[in-house]
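1. Kindly return the folded structure for what I paste below:
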Amino acid sequence: MAIRERAAHPGEVCTCGRPALVVHTGTKWGPIGWCGLNDGGNLSGPCPFCGGPRHDLGRCPHYELRPDWAQPPK
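-> Predicted structure coming up:
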């Protein structure tokens, strides 16, 4: 499957926890958000998905594109 890109929707987040600008679809892990910064969230505290230290390579196994804590108010 080819990796494609679409605009992110409100509440979708990057693997670093920031709001996503785009979402890459067709990856082997499913859709993944990207915020546009390549720092991996290294300066923003612990991993927002598991609470542990930031992951050096790849995404957290607990990553969710639309976690409950990032949903916009209705």
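
2. which residues in this protein form helices?
-> When assigned using DSSP state H, the chain turns out to have no helices.

3. Give the residue spans of it that score low on pLDDT.
-> Scanning the chain for pLDDT under 70 picks out the ranges 1, 40-44, 72-74.

4. Name the residues of stretch 60-74 that are buried.
-> For stretch 60-74, the neighbour count (16 or more other CB atoms under 10 Å) marks 60, 63, 65-66, 70 as buried. Every C-beta, even on glycine, is put in place using the N, C-alpha and C of the backbone.

5. now do stretch 22-32
-> For stretch 22-32, by 16+ other CB under 10 Å, it's 22-24, 31-32.

6. ok, now stretch 7-26?
-> 8, 11-18, 20, 22-24.

7. ok so, going back, format the buried residues of stretch 22-32 as JSON lines; extra columns: distance to residue 55.
-> Below are the buried residues of stretch 22-32 laid out as JSON lines (distance: CB to CB, whole Å):
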{"residue": "22", "distance to residue 55": "20"}
{"residue": "23", "distance to residue 55": "19"}
{"residue": "24", "distance to residue 55": "17"}
{"residue": "31", "distance to residue 55": "18"}
{"residue": "32", "distance to residue 55": "13"}
